[in-house]
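K.L.:
okay, structure incoming, though there's no sequence with it:
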């Protein structure tokens, strides 16, 4: 009898112990395995540099407070806010990858601005022309636009493959003149906000506070001769003088007639 009660007591204690253990297991917080998050480095793309190559001297570059006289054949990287000053007889080329090339001709002063990538992955470069002549060439598949700003006007390329020359003479009159070889550009007078689009083989000009003039036909042979002399650093008339003469001349003998 005593043995029977003892066995029952042992079974009773075993049951209590089992319940206690089960209860503890149910109440114990579950241990979670947390995966270690390793930061993934974002891919970075090195910015495309602007490189200036000197064809003919004198050419000066101002970077901050430092002014450098470059040598013929020298290539130097150009940064935003750098000033490129090409003196009489000089010639240089500012290249941005295969997207565009800007010929900075004698007597010109150009300030490099910002370069950004817009919607649709088009590159937009802004520059300031303080004086002188430039020739802008946009690559055929560049997906790039150049916005050229003067004190009085703004010239913006409208399509890939655009090639044009521009002049700017500061002063009260504020003359801006353009000649389009390929593609098209838009010229805006900053005072009035009025614009004019110039298509291929057309030229025109605007004065400060005046609407840009309608396009006139270019005299292709005369322009080619002018461009050749400018590239050689020779003494030559301004593009504005030449365009102004074409307004009163018929489109004959190597001239391109405007499309009606």
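P.N.:
Looks like it arrived, so ask away. The structure displayed is predicted, hence computed values, not measured ones.
K.L.:
use CA for all of it now, contacts and neighbours both
P.N.:
Noted.
K.L.:
identify the residue nearest the residue nearest the centre of the chain in space, chain neighbours excluded?
P.N.:
Centroid-nearest residue in the chain: residue 125, 1.9 Å away (criterion: Cα atoms, centre = their mean). Leaving aside its chain neighbours, residue 125 sits nearest to residue 115 (4.3 Å; criterion: Cα to Cα, 6 or more residues apart in numbering).
K.L.:
what's around that neighbour, how many residues?
P.N.:
Residue 115 has 16 neighbours, counted by other Cα atoms under 10 Å.
K.L.:
surely it and residue 122 touch.
P.N.:
No: applying Cα atoms under 8 Å as the test, residue 115 and residue 122 come out as separate, 10.5 Å apart.
K.L.:
ramachandran angles for residue 223?
P.N.:
When quoted as degrees, to the nearest 10, the phi and psi of residue 223 stand at phi -70, psi -40.
K.L.:
measure it to residue 178 for me?
P.N.:
Residue 223 sits 12 Å away from residue 178, taking Cα to Cα, to the nearest Å as the criterion.
K.L.:
what do you get for residue 192?
P.N.:
The value you get for residue 192 to residue 178, if Cα to Cα is used, is 18 Å.
K.L.:
contact partners for the residue nearest to residue 234 when sequence neighbours are not counted?
P.N.:
Spatial nearest neighbour of residue 234, excluding adjacent residues (Cα to Cα, 6+ apart): residue 89 at 6.3 Å. By Cα atoms under 8 Å, 6 or more residues apart in numbering, residue 89 lies in contact with 56-58, 106, 232-235.
K.L.:
how about 7 Å then?
P.N.:
56-57, 106, 233-234 (Cα atoms under 7 Å, 6 or more residues apart in numbering).
K.L.:
rewinding a little: residue 223 and residue 178: which has the busier surroundings?
P.N.:
residue 178 (27 against 18).
K.L.:
any idea what that one is bridged to?
P.N.:
residue 166, residue 204 (DSSP bridges).
K.L.:
and if you look at residue 198?
P.N.:
Bridge pairing for residue 198 (DSSP bridges) gives the partners residue 185.
K.L.:
shouldn't it be in contact with residue 186?
P.N.:
Yes: if you go by Cα atoms under 7 Å, residue 198 and residue 186 touch, sitting 6.3 Å apart.
K.L.:
next SSE downstream of the strand or helix carrying residue 135?
P.N.:
Here residue 135, judged by DSSP states H and E, is contained in strand 123-138. Next helix or strand after strand 123-138 toward the C-terminus (DSSP H and E): strand 144-149.
K.L.:
distance of the residue nearest to residue 125 relative to residue 93?
P.N.:
17 Å.
K.L.:
same question, residue 111
P.N.:
14 Å.
K.L.:
got the contact list for the residue nearest to the centre of the chain?
P.N.:
Residue 125 touches 114-116, 145-147, counting by Cα under 7 Å, 6+ apart.
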